[in-house]
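Engineer: kindly return the folded structure for what I paste below:
(2 chains)
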Amino acid sequence: MATDKPADKPATTSEAKPEQPTQQKSTAALEEDDEFEDFPVEDWPAEETESAAQTASGNGTTQHLWEESWDDDDTSDDFSAQLRYVPPCPSHLPLQTSLHPHRVYPQQTHTNTYPPTSEELKKVEASKRR
Amino acid sequence: MDGLIRQFRVAYATTNGEQLAETLNPDVHAHSAKFRAIWGRGDHRSMTADLNFLFHQDQARLSIRLSKEETSGWYAIYAVYWKAIGEILAVEGLRNDSKVGRFTDDGISIAEPMIHGVPLPSPLRQITRFRANQTKSSWAKVYDAWKELTLLVVRGYTNHDFENWTIPCLYVTGKHLRLYAMRADAERGLSNDNSAIDDLQDDFDPQAEENKCLEDCARHLNRIFQICASDRAPLEESRKWGVYYAVNLLFKTYFKLNSEPLSKNILRVISAGRSDIPPIDKFPKSQQVTFKYYEGVLAFLEENYVEAEKHLEMAWLMCHKDAQRNLELILTYLIPCRLLTTHTLPSARLLEPFPRLQKLFTPLARAIKKSDLRAFDIALRDGEDEFIKRRVYLTLERGRDIVLRNLLRKVFIAGGFEEAKDGAAPVRRTRIPITEFTAAVQISSGEAIDSDEVECLMANMIYKNLMKGYIAHERGTVVLSKSGAFPGTKV
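Structural biologist: Numbers count the residues shown, from 1 in each chain, chains lettered A, B, ... in the order given. Prediction:
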């Protein structure tokens, strides 16, 4: 069983699966989907898993496939110099009101007027009494 | 028919469910000669005569123990299977008996009914098409025939005492029902393109119409799921061993129909009955990987990234190393997950076998590493369509926090060290003017930004625990923690 598997594997996975050549043609649009494909075989030994393939090439772990999200290599003196010399709000750059969702604007427009109107003061008084 | 039933008997004698299911596998391309032989000349009467003989008279039938109930169940199944085979052969153009073709008997082309080159007026067209549908081979007819078969197989369990080792049959029929449903829908989609005018009526709902067969199919698959999940027989002879097969088919179907909430319902049913449903790791890897993938994607769509990562990682590790497309799909979700949960990026090596993923994620990953806000925004915008289609856009968008974190971290590192006091280990400068951060954000994003906004961004970073420290607003300074100002990044 283990001997004949590698032989038929490339044929079944890299090309269209033998049972569905027409589907691949007639419904090319379907292939665009998230559709998880059927595996050509039902089960396989542990050594044919992605995990085995990756750990074999990476000293027994898959850690080497992921890397840290930051890069310390390019921290140059240049950058720290720049930080000192760029003016806080340079006039040559147009001040844009960015609507990026990640930026929450600190200044909020206050709907309440100040000083409070006599109407409002009465309400405050009333609530205190309660 | 002879051969088929002989195969059936062998499978039955050895109670080999896989082999039994194989007799119902309509793989007409691999074995077209075999199926043509089964279909014969398409004579219904001779087929029933054959089956009658094989199930009721043939001495060899006694080699297996079949109750009367089971016999009638299987008899009906093979009769309908025969019919379905006929439809499949016809639509694949493999049938060589007389009644098939793209033309009706009176020679009118199906695609464009015309008289002297002029399209027929609408009512007449519909009549013509109706007549055409009567004789034309189509996936819709295949679907109908196969649906009938599926119903009979299901009935086998409810009415004809089929035993649990035969459940691979349920899976094989369900699996093909879904394939045929999709083809029937696609086929109708194509023909509707040609005649859209006819269908533009007030009550026409294109959304529902588009996936008519598949929705119908989902109901039948759900029935299969129920049949498996609700079996109360002791576990070793329970149909519960079919649960994950049915669930995976359902997931695929629901995802295609964009009804993920229904998938959640299924998951809920499974977890409710977890104690008596066999654990997923007792199933073949193909089912495990498929299930874990969908379970992961469902958690992902609910923004439960920790859970999602767990399932997707499992699917990825267990996936067959040559199943490139599936690996690619798993990574499509695993990469954004990782970005948010552990703030790690895929290495070039990981992406290497997947040009599509490379194209999608490499610009983003590079921008994140370089803490380049502008490049990040551009990469996100360039990939927007694809990201939205894959439903990872909103998740990736949150990656902007990581870019910002890296940027602020860079400012912190650029700040260097305080002068060490009498031989103590040097300490990084932890009081940093907000102007420096503002400058950094401006350099990185290429846009002007005022320092209040930057303060706000930093407050958010502190809130999200991406940065430790406090903002001394009056002094225009940020005071960062001496130990681990940016948790998890070694500074």
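Engineer: tell me the residues on the stretch 51-200 of chain B that lie near chain A, please.
Structural biologist: B:Glu92, B:Lys175, B:Leu179, B:Met182, B:Arg183, B:Ala186, B:Glu187 (C-beta under 8 Å from any C-beta of the partner chain). No exception for glycine: its C-beta is placed from N, CA and C like everyone else's.
Engineer: ok, the residue nearest to the fifth one when sequence neighbours are not counted - contacts?
Structural biologist: Spelled out, that is B:Arg183. Nearest residue to B:Arg183 in three dimensions, chain neighbours excluded: B:Trp139, at 4.1 Å (C-beta to C-beta, 6 or more residues apart in numbering or on different chains). By C-beta atoms under 8 Å, 6 or more residues apart in numbering or on different chains, the residues touching B:Trp139 are B:Val91, B:Tyr180, B:Arg183, B:Ala184, B:Ala186, B:Glu187.
Engineer: ok, these vs A:Ala46, which is closest?
Structural biologist: In terms of C-beta to C-beta, no member of the contacts of B:Trp139 lies closer to A:Ala46 than B:Tyr180, at 34.9 Å.
Engineer: circling back to that earlier point, whichever of the residues of the stretch 51-200 of chain B next to chain A end up buried, select them in PyMOL.
Structural biologist: Buried residues within those, by 16 or more other C-beta atoms under 10 Å in any protein chain shown, are selected in PyMOL with:
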select buried, chain B and resi 92+175+179+182+183+186+187
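Engineer: and the residues of the stretch 51-200 of chain B next to chain A, which of them are in strands?
Structural biologist: Judged by DSSP state E, strands contain none of those.
Engineer: now the residues of the stretch 51-200 of chain B next to chain A as CSV including pLDDT and distance to B:Val454?
Structural biologist: Shown next, in CSV, are these (pLDDT from 0 to 100; distance: C-beta to C-beta, whole Å):
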residue, pLDDT, distance to B:Val454
B:Glu92, 86, 65
B:Lys175, 94, 56
B:Leu179, 93, 55
B:Met182, 92, 52
B:Arg183, 91, 56
B:Ala186, 89, 52
B:Glu187, 86, 57
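Engineer: could you dump the residues of the stretch 51-200 of chain B next to chain A into JSON lines with distance to B:Arg268 added?
Structural biologist: Below are these laid out as JSON lines (distance: C-beta to C-beta, whole Å):
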{"residue": "B:Glu92", "distance to B:Arg268": "40"}
{"residue": "B:Lys175", "distance to B:Arg268": "24"}
{"residue": "B:Leu179", "distance to B:Arg268": "27"}
{"residue": "B:Met182", "distance to B:Arg268": "26"}
{"residue": "B:Arg183", "distance to B:Arg268": "31"}
{"residue": "B:Ala186", "distance to B:Arg268": "31"}
{"residue": "B:Glu187", "distance to B:Arg268": "35"}
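Engineer: A:His64 contacts B:Thr344, doesn't it?
Structural biologist: No: checked against C-beta atoms under 8 Å, the pair A:His64 and B:Thr344 is beyond contact range at 11.5 Å.
Engineer: more neighbours: which of these two?
Structural biologist: B:Thr344 (17 against 14; other C-beta atoms under 10 Å in any protein chain shown).
Engineer: any idea how far that one is from B:Ile471?
Structural biologist: 28 Å (C-beta to C-beta, to the nearest Å).
Engineer: re earlier: just put the contacts of B:Trp139 in CSV and tack on distance to B:Ala30.
Structural biologist: Below are the contacts of B:Trp139 laid out as CSV (distance: C-beta to C-beta, whole Å):
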residue, distance to B:Ala30
B:Val91, 17
B:Tyr180, 17
B:Arg183, 18
B:Ala184, 22
B:Ala186, 22
B:Glu187, 22
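Engineer: which two of the residues of the stretch 51-200 of chain B next to chain A have the greatest separation?
Structural biologist: Maximum distance among those (C-beta to C-beta): 19.0 Å, for B:Lys175 and B:Glu187.
Engineer: okay, the residue nearest to B:Arg183: pLDDT?
Structural biologist: We have a pLDDT of 91 for B:Trp139.
Engineer: and it, how far is that from B:Ala379?
Structural biologist: Counting by C-beta to C-beta - B:Trp139 and B:Ala379 are separated by 41 Å.
Engineer: got it, and B:Arg356?
Structural biologist: From B:Arg356 over to B:Ala379 (counting by C-beta to C-beta), the distance is 15 Å.
Engineer: pick out whichever of these two has more residues nearby.
Structural biologist: B:Ala379 (23 against 13).
Engineer: from the chain's centre, how far out does the one helix or strand that one maps to sit?
Structural biologist: For B:Ala379, the element it lies in under DSSP states H and E is helix B:373-382. Mean-position distance between helix B:373-382 and its chain equals 29 Å (C-alpha atoms, centre = their mean, to the nearest Å).
Engineer: buried sites along it?
Structural biologist: With burial defined by 16+ other C-beta under 10 Å, the residues of helix B:373-382 counted as buried are B:Leu373, B:Ala375, B:Phe376, B:Asp377, B:Ala379, B:Leu380.
Engineer: stretch B:216-230 too?
Structural biologist: For stretch B:216-230, burial by neighbour count (16+ other C-beta under 10 Å) applies to B:Asp216, B:Cys217, B:Ala218, B:His220, B:Leu221, B:Asn222, B:Arg223, B:Ile224, B:Phe225, B:Ile227, B:Cys228, B:Ala229.
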